[in-house]
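Asker: Structure for this input, please:
(one chain, ligands or ions: 1)
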Amino acid sequence: MLSLNNVLMCQGAFSLRADLMIEAGCKVAVIGPSGAGKSTLVNAICGFVDVAEGQVQLDGRDITQALPSKRHMAILFQDNNLFPHLSIAQNVGLGIRPAMRLSQAETAQISVALDRVGLEGFEDRKPAALSGGQQSRAALARALVQGKPWMVLDEPFAALGPALRAEMLDLVASVAMETGAGVLMVTHSPDDARRLADQVIFVADGVANPPVATAELLDNPPSALKAYLG
Ligand SMILES: Nc1ncnc2c1ncn2[C@@H]1O[C@H](COP(=O)(O)OP(=O)(O)OP(=O)(O)O)[C@@H](O)[C@H]1O
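Answerer: Numbering: from 1, shown residues only. From the prediction side, this is the model:
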């Protein structure tokens, strides 16, 4: 369980409030207008944005001040953060061991993760020799090997076409189901939310609202969400 108890997050003059809980293993989309604070929310949960008031808890443990690396979250952002000078296997290996001296078992684990995302045989390629979709898959493999209970995605597949995006969302969902990981995903697309998410957090007017069942919220949107959806 991930809880934000009366949390106030600030980025310069911008501030965002949240008082909400997300069940372990739940897949949650974060939607809302541009600049509403979706990235601020997930970055605060991951430890990249300071919390000015309130408490962030993971399974009852106060992680408000914890380093990002101690938060049990695998993070996947839009640019994939693949290092261009490293091979795909090395990039995925960074998810296991930043120092990169991998044991045989860890090397095998990388191959299993690459197989899982459909990149078997791509171990030695550099990111530039992969398509955009394949790069997204490699970044997902890196999240996979971390074995964390949460995957946090900030518009991870925004650069992909609709068919490829749907494919990646289904892959995230099946990986999450296999590992039992919860998913928190920022997206601009209500269709993506419907495809992946059990629940939706709507961010608007300085508030990240508690999660509501996806169909319930998108089928009967409150006025601010209706205005956003158009
Ligand atoms: N480092 C920063 N310093 C000051 N203000 C910031 C900083 N980062 C973001 N902001 C401001 O915080 C607000 C929320 O930004 P945020 O990126 O969280 O919104 P968002 O909902 O993710 O937007 P988008 O959908 O456009 O990506 C914006 O007004 C933005 O200008």
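
Asker: Scan this protein for its longest helix.
Answerer: Once the chain is assigned using DSSP state H, the helix that runs over the most residues is helix 162-179.

Asker: now it, how far from the chain's geometric center?
Answerer: Taking CA atoms, centre = their mean, to the nearest Å, the mean C-alpha location of helix 162-179 is offset from the chain mean by 12 Å.

Asker: give me the number of residues near the residue in the chain positioned nearest to the ligand?
Answerer: Closest to the ligand within the chain is G12: 2.8 Å, counting by CB to the nearest ligand atom. From N, CA and C alone the C-beta is placed, and that goes for glycine too. Around G12 sit 5 other residues, with neighbours defined as other CB atoms under 10 Å.

Asker: So what does it look like in phi/psi?
Answerer: phi 60, psi -130 (degrees, to the nearest 10).

Asker: repeat for N91
Answerer: Dihedral pair for N91: phi -60, psi -40, per degrees, to the nearest 10.

Asker: Not counting its neighbours along the chain, what's nearest it?
Answerer: The shortest distance from N91 to any residue that is not its chain neighbour, by CB to CB, 6 or more residues apart in numbering, is 5.0 Å, and that residue is L82.

Asker: Which secondary structure state is assigned to the one you found?
Answerer: What DSSP: H, G, I helix; E, B strand; the rest coil gives for L82 is coil.

Asker: Make sure it is actually in contact with S136.
Answerer: No. When contacts are counted by CB atoms under 8 Å, L82 is not listed as touching S136 (9.7 Å).

Asker: Can you list the helices and strands that the longest helix of the chain packs against?
Answerer: Of the remaining helices and strands, those touching helix 162-179 by 3 or more CB pairs under 8 Å, 6 or more residues apart in numbering; DSSP states H and E are helix 132-146, strand 150-154, strand 182-186, helix 190-196.

Asker: Minimum distance to V112: which of the ones you listed has it?
Answerer: Go through the helices and strands packed on helix 162-179 one by one with CB to CB and the one that ends up closest to V112 is helix 132-146, at 8.4 Å.

Asker: Check which residues of the closest one are buried.
Answerer: Buried residues in helix 132-146, counting neighbours by 16 or more other CB atoms under 10 Å, are found at 133-146.

Asker: Please list the residues of this structure that sit near the ligand.
Answerer: For the chain, the contact set with the ligand under CB under 6 Å from any ligand atom comprises 11-12, 14, 32, 34-40.

Asker: Lowest-confidence one in those?
Answerer: For those, the least confidently modelled position is G12, at 89, judged by pLDDT.

Asker: Quick check: that residue vs A24, distance?
Answerer: Taking CB to CB, to the nearest Å as the measure, G12 and A24 are separated by 33 Å.

Asker: Kindly report the same for A163.
Answerer: Look at A163 and A24: by CB to CB, they are 31 Å apart.

Asker: Specify which residue of these two has the higher count of neighbours.
Answerer: A24 (13 against 9).

Asker: That one contacts L58, correct?
Answerer: No. With contact defined as CB under 8 Å, A24 does not reach L58; the gap is 9.3 Å.

Asker: related to what we said a few turns ago, check which residues of the longest helix of the chain are buried.
Answerer: 164-169, 171-173, 175-176, 179.
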